[in-house]
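> Kindly generate the corresponding structure for this input.
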Amino acid sequence: MTRRLFALEHYDRTGGESVPEMGPLAGTPGLRLVGAVHLPADDVVLALVEGSDAETVAAAAAAAGWRVDRLTPAAWLAPWEPRAGDTETTDRGPGVPGRTKHKGEEPCDA
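Below is the predicted model:
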């Protein structure tokens, strides 16, 4: 299975006064929370999630009780190394060193 990267945004309406809570994102095969950060100066929580498609990611986020204000496909801008033992591939998007050929484009390190 190929996982794609998605960015989920949750707009923080507390004015940075508190860190929003996010329940665990679990129970969906092939889905992985890469990381989440709170940017209080921008009033946003940004979560990076790998999954097969936007609908699956949105459903898992809803099941976890996340309020998602925006969900968009994302692309890695820096090299990414798979975890030890990870046998799945990730579509890292155009321009990322080490990515494989995709839709007629050449990887940047070709």
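
> So what's the residue count around residue 44?
Number of residues near residue 44 (other Cβ atoms under 10 Å) recorded here: 16. Yep, even glycine has a C-beta here, placed from its N, CA and C like the rest.

> wait, isn't residue 45 in contact with residue 20?
Yes. At 5.3 Å, residue 45 and residue 20 qualify as touching, with contact defined as Cβ atoms under 8 Å.

> Just want to know which of the two has more residues nearby.
For residue 45 against residue 20, the residue with the higher neighbour count under other Cβ under 10 Å is residue 45, and the figures read 23 against 16.

> coming back round to it: please identify every residue contacting each of residue 45 and residue 20.
10, 12, 38 (Cβ atoms under 8 Å, 6 or more residues apart in numbering).

> The helix or strand hosting the last one: what's the following helix or strand?
So that's residue 38. Secondary structure assignment for residue 38, by DSSP states H and E: strand 32-39. Remark: after strand 32-39, the chain's next helix or strand is strand 44-51, criterion DSSP H and E.

> and the angle from the lengthiest strand in the chain to strand 44-51?
Of all segments of type strand in the chain, defined using DSSP state E, the longest is strand 2-11. Computed with axes from the mean of the first three to the mean of the last three Cα atoms, to 10 degrees, the direction of strand 2-11 lies at 160 degrees from that of strand 44-51.

> Please name every helix or strand in contact with strand 2-11.
For strand 2-11, the helices and strands in contact under the criterion 3 or more Cβ pairs under 8 Å, 6 or more residues apart in numbering; DSSP states H and E are strand 44-51, helix 54-63, strand 70-73, strand 89-91.
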